[in-house]
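In: One predicted model, sequence on top.
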Amino acid sequence: MSDHDYKPKSKVGQWFNDRLPLLTLANHLTDYPTPKNLNYWWTFGGILTFCLITQIITGLTLAMHYIAHADMAFESVEHIMRDVNYGWLIRYIHANGASMFFLAVYIHIFRSLFYGSYKSPREIIWILGIIIYLLMMAAAFMGYVLPWGQMSFWGATVITNLFSAIPLVGEGIVTWLWGGYSVDNPTLTRFFTLHYLIPFLILGLVVLHIWALHVPGNNNPVGIDIKKPSKDTVPFHPYIVIKDGFALLMFMIVFAFFVFYTPNILGHADNYIEANPMVTPAHIVPEWYLLPFYAILRSVPDKLLGVVAMLSAILILAALPWLDTSKIRSAVFRPLYKQFYWILVADVLILGYVGAMPAEGLYLLIARVATAYYFLHFLVILPVLGFKERTLPVPLSITEPILGGSPSLAAARHRESKIK
Amino acid sequence: MKKLFKLILILSFFSLNFAQTFAAEKVEYLKTDWSFKGLFGKFDRAALQRGYQVYTEVCASCHSMKYLSYRNLSEEGGPEFSLAAAKAIAASFEVTDGPNADGEMFTRPGKLSDKFVMPYDNVKAAQAANGGAYPPDMSVLVKARGGGVDYIYSLLQGYEDPPSGVTLDDGVYYNKYMYGNKIRMAAPLSDGIVDYGDGTNASVEQMSKDVTTFLMWAAEPHLEARHQMGFKAIVYLIILTILVYFSMKKIWSRVESEV
Amino acid sequence: MSDKKPKRRDFLFTATTAVGAVGAAAVVWPMVDQMNPDASVKALASTEVDVSSVKPGNTITVLWRGKPVFIRRRTKEEIEEARSVKMEELIHPEKDEDRAKNPEWLVMVGVCTHLGCVPLNDKGDYNGWFCPCHGSHYDTSGRIRKGPAPWNMEVPKYEFVNANTIKIG
C-alpha cells in the first residue's frame, strides 16, 4: 500500500491526509490494479462482503427485540415475526442470509481451489480465509440456537457434546460450556453474547484478508504473475466495481426469492416447536452447510476419532498451500488436477447428501468411502500430482498468450478477428 | 458446457437438501388448491373466517394458540373481521387479569389486545386432561410439521379403522398420515359438526381445508404482505440488474477484454 | 463508439445510479421503522380504573402506556382555587373547566413537561404538585405556575364508563 505517491488536490484534503491518510487509502482502493481477465467466480468476494454487512445490520436490529432467556426466546422470535414492524422481513433475511453466506463462501473456496489462489505468495490470505470460515460456522451454529426451538436445543446439545470426546477433561469442558448440567438458560445467554461478538471478529479478519490480498494482488484465471499496473490490469473502479455489482444483483435475486417465497425451506420444521429437554426430534440434522462435516463425524465409529476426523477435515485446508506441490496455479493448465478437482467437488456434495440421511446401511458405507477419499485427495493425490503431472504450457501474460489450450485462446482469436 | 455442469451440480445439491425434509415420510398427502400458494397467493377471507369458527368450536377445547391476539382477527391480511366483530369475539371470552388493588386476580371480558385464551393453564394441566398427551399449541403448527398444510389437511381426513394385525390401546386412534399411524387425538371433525353462517356445507373435507387455511394464516400472518413485497422487490432487482448490465458493457467497452 | 453518443451514455449511468439509490432508500426504511412502537404496543391503548374507593383529597396513580396517570378526587376548595385563577397569571393558559369536565375528578399524565420526571403530590407553592428534579410547581389543576416546565401536565383522552369506572385512552 506504500507504493502510492498520492496527493489530494485540495488544501484541506492535503491537510487531512497528512494527518490521517484516508484519502490515500480511498485512492488505493479505487486505483487498485486488478487483472482484467477475472471471471464471475471472482465476484464472490464482493458478494461475501455484502452478506457479512447484511447479517450484521439485520442482526443488530433483531437483537433490539430478541430476548435471550430460555423461557422467552421462542416467544420473542414469534413477537418479531408477528408484531415488530417489518420484523418478519428482517428475520427472514437474517435466517436465509446465513445460508446465502455459506453458499457464497463455498463457491469462493472452490474457486480458490480451482485456480490455485492459495499458493505462494497468497498463503496468508488463504489461512485468514480458513479462520473466517471457522468463525462463520461458530456464528451460524450459535445463531441457530437462539430461537430456542427443538433443533436449536438438540443441535446445541449434540455439538457441545463433541467436546466430551476429549480424554480426561472432556466432561468438565462440556459442563463449563453449558454453565450447568445440560443446555439451559446460561448456555443460551452466552451463545447470544458470542453470536453478537463473532461477526465483528470476522469483520476485522476480512479487513486483514483484503489487506493481505492487496499486497500481491489478485490471482487470475490464467494463474500467472502479472505486472501491475499494465496492459493486463484495469483499475478496480469502475471496472471491477460495476462487474461485482452486476453479479451481486443476480445473487440478490436468488436471495430475494428465498426470503419472500420460500423463507422456511432451508430451515427445519422442528425448529418451530419450542425446545423441550424431555423429547429429542426423530431425525436430527444440522443446517445444510454443515452436512459434509456432519457426515465425516458420523462415518467414524469411534467418538474421539470422529471428532478428530471432522476437525481435521477443516484444518487440513490450512496446510493446503504446502500439500499442493505443483508449481502451476490454475487448473486450466493442469489436466489431471482438473479431473481430481471435479471428483472432490462431487465427493463433498455426496458427503453433504449422506449427512442429511440416516447414518445406517448403504448411506454409512458411502459416507465412509467419501470421507476416505476426501483425506486421500489432500494427503496423497495433491502432493503426488505436483511431481507426476504433465502440465500444459502457460502463457507469459494475459494479453499475450501463447497458443495452445489456454482460456485466453478464445480471447486472442477474438482480438485477432477484431484487428482484421 | 462446464458452467452448465457446475450449475446442475449446485442445484441438485440444493434440491437434495430440500428433499430431505420429506424423505422420512413416504406417504402421499392429499392435495387441494391452496389460494395462498404462488407468487401472488392470498388467503381466502371466507375460508379464514370459517376456519376460525372451526378452530374455536372444535380445536380450541384442547389446543391453545398462545401467540395470537384477538386484534389479529381484524388486521389486514387475515380473516379481516370488522373491528366490531373482533371486539365482540374478544368480549365473548373470559380473561384472567390482575392483581387488582386488593391483590386478587379477577376475570373480565376479553379485549382486542388480549392473547387467545388458553384451554389449559399450563402444559401439565393439558397433559393431565388428555391422558398424558399434550395437544400442541397451534400458533405455528403448520410450520412445525414437515408436510406443512398438506400434512395437516390430510391428517384431519386420515382417520380409518386399523388394518388387521394392528392393535390400538385405549385412547389411541389409527390415522394413515400420522407418523407411526398412531395418534392420541380422536377424529376431531365429523360432517356438520359446525354450522357455517355463510351456508357452506360443513363437510369434513371443507372444514379441514378451512381450518388448515386458518392455521396457515396463524403461522404466517404477514404472508400476503410478503408476497406483494417480494414481487415488487424482484421486479425492481431485475430492472436494476438490466441497467447495471448495460452500464457494465459500456464501461468495459473501453478496454480490450471480455466482460 | 463512446464518443458518438455521449449523452445516451450519461443517461444510462444516471438512470442506473438513480434506480440504485431508490432501492437503497427503500431498504433503509424497514430498518428504521422496526424501532417504532410495534403492533402489540399500539394495541394496549386503553386502561380501565375503578375509582370507587378514592376519597376526596386523595390521588391514585395508575399506569397507562408505561406512564403514571394521576387521578385526583378534588375537594371543593381545590376546585374553587383552580377555577378562580386569572388566565393572565398562567404560563400556559388553560381553563380548569376544559381540563376537568367533571370538576371533582382531575385525570392527567403524571409526567413533568420539563424533562419527564414524576411530580410529587400535595407539594409546591400552589398546593398541587411539585417536581423534585428541577423545581417546577403545578397548581390544583395540574397547570404549570413556576419553574422551568413549559406546559401544563397533559390530560389524556378518558371517559367515565360508569360512575365508578374511568377508561383512559
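Out: Here it is on my side, so go on.

In: Which stretches in the stretch 1-150 of chain A count as helices?
Out: A:11-19, A:22-31, A:44-63, A:73-82, A:87-115, A:123-145, A:150-161 (DSSP state H, counting those that start in this stretch).

In: Check which helices and strands the longest helix anywhere in chain C sits against.
Out: Counting residues, the longest helix found in chain C (DSSP state H) is helix C:6-33. Contact here means 3 or more CB pairs under 8 Å, 6 or more residues apart in numbering or on different chains; DSSP states H and E; on that basis helix C:6-33 packs against helix A:44-63, helix A:87-115, helix B:223-252. (C-beta placed from N, C-alpha, C; glycine too.)

In: Next, the buried residues of the helix or strand of chain C with the lowest mean pLDDT.
Out: Ranked by mean pLDDT, DSSP states H and E, the weakest helix or strand in chain C is strand C:47-50, scoring a mean of 83. Neighbour-count burial for strand C:47-50, counted by 16 or more other CB atoms under 10 Å in any protein chain shown, picks out C:47, C:49.

In: how distant is it from the center of its chain?
Out: 18 Å (CA atoms, centre = their mean, to the nearest Å).

In: Skip ahead from it and say which helix or strand is next.
Out: Using DSSP states H and E, the helix or strand that follows strand C:47-50 in sequence is strand C:58-64.

In: List the pairing partners of that following strand within its sheet, with orientation.
Out: As defined by DSSP bridges, the strand partners of strand C:58-64 come to strand C:67-73 (antiparallel).

In: Flag every buried residue along the helix or strand that comes right after the strand it pairs with.
Out: Sequence order places helix C:76-84 as the next helix or strand after strand C:67-73, per DSSP H and E. Residues of helix C:76-84 classed as buried by neighbour count (16+ other CB under 10 Å): C:78-79, C:81-82.

In: what about the helix or strand following the longest helix of chain C, average pLDDT?
Out: Following helix C:6-33 in sequence order, the next helix or strand is helix C:39-43 (DSSP H and E). If you average the pLDDT over helix C:39-43, you get 87.

In: Run through the neighbouring helices and strands of helix C:39-43.
Out: Using 3+ CB pairs under 8 Å, 6+ apart: helix C:39-43 touches helix A:73-82.

In: mean confidence score for the helix it packs on?
Out: What helix A:73-82 shows for mean pLDDT is 98.

In: What residues sit buried inside it?
Out: Residues of helix A:73-82 classed as buried: A:73-82 (neighbour count, 16+ other CB under 10 Å).

In: That one packs against which elements?
Out: helix A:87-115, helix C:39-43.

In: If we use 6 Å, what do you get?
Out: The helices and strands touching helix A:73-82, judged by 3 or more CB pairs under 6 Å, 6 or more residues apart in numbering or on different chains; DSSP states H and E, are helix A:87-115.

In: Does chain B have contacts with the helix it packs on?
Out: Yes: against chain B, helix A:87-115 shows contacts by CB under 6 Å from any CB of the partner chain at A:W88.

In: quick one: low-confidence ranges for the stretch 301-420 of chain A?
Out: Scanning the stretch 301-420 of chain A with the threshold set as pLDDT under 70 gives A:400-420.

In: now the strands for it?
Out: For the stretch 301-420 of chain A, no strands turn up when DSSP state E, counting those that start in this stretch is the criterion.

In: Taking it, what residue is nearest to chain B?
Out: A:A356 (4.1 Å; CB to the nearest CB).

In: Next one: that residue from A:V145, what distance?
Out: Per CB to CB, to the nearest Å, A:A356 is found 20 Å from A:V145.

In: go on, C:G124?
Out: Applying CB to CB to C:G124 and A:V145 gives a distance of 54 Å.

In: can you check A:I132 too?
Out: From A:I132 across to A:V145, the span is 21 Å (CB to CB).

In: What residues does residue 138 make contact with?
Out: In the absence of a named chain, chain A is used. Residues in contact with A:A138 (CB atoms under 6 Å, 6 or more residues apart in numbering or on different chains) are A:I198.

In: wait, I meant chain C there
Out: Contacts for C:Y138 (CB under 6 Å, 6+ apart) come out as C:128-129, C:144.

In: so it bridges to which residues?
Out: Beta-bridge partners recorded for C:Y138 (DSSP bridges): C:W129, C:I144.

In: Next, find the distance separating it from C:I144.
Out: Remark: distance between C:Y138 and C:I144 (CB to CB) = 6 Å.

In: would JSON lines of the helices and strands packed on helix C:6-33 with distance to C:M153 be doable?
Out: Converted to JSON lines, the helices and strands packed on helix C:6-33 look like this (distance: least, CB to CB, whole Å):
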{"stretch": "helix A:44-63", "distance to C:M153": "35"}
{"stretch": "helix A:87-115", "distance to C:M153": "34"}
{"stretch": "helix B:223-252", "distance to C:M153": "40"}
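
In: Tell me which of the ones you listed is the most buried.
Out: Ranked by mean neighbour count under mean count of other CB atoms under 10 Å in any protein chain shown, those are led by helix A:87-115, which reaches a mean of 21.

In: Which residue is the nearest non-sequential neighbour of residue 120?
Out: No chain in the question, so chain A it is. A:P321 (6.7 Å; CB to CB, 6 or more residues apart in numbering or on different chains).

In: not quite, I wanted chain C
Out: Nearest residue to C:L120 in three dimensions, chain neighbours excluded: C:F130, at 5.3 Å (CB to CB, 6+ apart).

In: how far away is that neighbour from A:D184?
Out: From C:F130 over to A:D184 the distance is 49 Å, taken as CB to CB.

In: the more surrounded of those two?
Out: Neighbour count, other CB atoms under 10 Å in any protein chain shown: between C:F130 and A:D184, C:F130 has more, with 20 against 16.

In: Give me the pLDDT value at residue 23.
Out: By default, I'm working from chain A. Turning to A:L23, the model gives it a pLDDT of 95.

In: um, chain C though
Out: Confidence score, pLDDT, at C:G23: 95.

In: Now do it: how many residues are near it, please.
Out: 17.

In: can you give me the strands for the stretch 51-200 of chain B?
Out: So, for the stretch 51-200 of chain B - with DSSP E, counting those that start in this stretch - the strands run B:94-97, B:106-109, B:173-174, B:182-183.

In: C:V111: which of these is closest?
Out: strand B:94-97 (24.9 Å; CB to CB).

In: Perfect, that will be all.
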